[in-house]
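Asks: I'll drop the sequence and a predicted model, then ask my questions.
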Amino acid sequence: MKNFLLLVILVSVFSTSCTKRLSLADELACKTIPSLQGTIEKKDFKNKFSIDIPKTWKHKGYYDDYQSSIFAADTIRELTKSFILDIAYKYSAINIDKEFSKEINKSNSLNVLKFNMEIFKEKPSYWQVSKGIKNGYVLHEFQHFIQDKTFGYIEVKAEFYGEEMVDERLCEALEIINTIELN
């Protein structure tokens, strides 16, 4: 009986302390990125969300009547070896369902490679990975929409220029995106 009780306690502790990541991270077999240990928590101007970004990255906040956002990039590495991250809380209603997926895919000027609807941080979400050309570079783009309450959502966009180490850079972006907390 004691062993059973101990097992139940351990399972509940581990299941609540682990943060579930997006299925794409599992598909890419992403590992935890050790370089992300030196991070700083950044909050958007309207205190709708926070995210942990590496201390060495440049970041900038923006807000207006329709959104509050954080833009971040690793300016130490070359553009084709890093990525650009844009996280915005938008004051608009969305409903993440099959129709939403069709509309987003239709409006995307890039070729959609992968997409999925799933729960992220206990919220409905939709993500897609696309590929195309932008400013003369091959561009891979990750977009993630996270529905919040009835009137608002988070849109995350990560842009990866070039063809080098795209999966590794995407894994790094997913690790950072997984630190998003809705307030």
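Replies: Noted; the coordinates are in hand. Numbers count the residues shown, from 1 in each chain.
Asks: Now do the strands for the chain: every range, in order, please.
Replies: Assigned by DSSP state E, the strands in the chain fall at 39-43, 49-54, 58-63, 67-73, 84-90, 111-120, 123-134, 137-147, 153-161, 181-182.
Asks: Would you mind finding the most buried of the ones you listed?
Replies: Highest mean neighbour count of the strands of the chain: strand 153-161, a mean of 22 (counted as mean count of other C-beta atoms under 10 Å). Glycine gets a C-beta too; all of them are placed from N, C-alpha and C.
Asks: What angle do strand 49-54 and that one make with each other?
Replies: Orientation of strand 153-161 against strand 49-54 (axes from the mean of the first three to the mean of the last three C-alpha atoms, to 10 degrees) gives an angle of 20 degrees.
Asks: Could you give the bridge partners of the residue lying closest to residue 96 once chain neighbours are set aside?
Replies: The shortest distance from residue 96 to any non-neighbouring residue, by C-beta to C-beta, 6 or more residues apart in numbering, is to residue 124 (4.2 Å). Going by DSSP bridges, residue 124 is paired in beta bridges with residue 119.
Asks: just how off-centre is stretch 112-121 within its chain?
Replies: Relative to the centre of its chain, stretch 112-121 is centred 11 Å away, using C-alpha atoms, centre = their mean, to the nearest Å.
Asks: for stretch 156-171, same thing?
Replies: Relative to its chain's centre, stretch 156-171 lies at 12 Å (C-alpha atoms, centre = their mean).
Asks: what's the span of it, first residue to last?
Replies: Stretch 156-171 has an end-to-end distance of 14 Å (C-alpha to C-alpha, to the nearest Å).
Asks: who's in contact with residue 74?
Replies: Residues near residue 74 by C-beta atoms under 8 Å, 6 or more residues apart in numbering: 54, 56, 57, 82, 83.
Asks: Next one, pLDDT for residue 158 please.
Replies: In this model, residue 158 is scored at 97, pLDDT.
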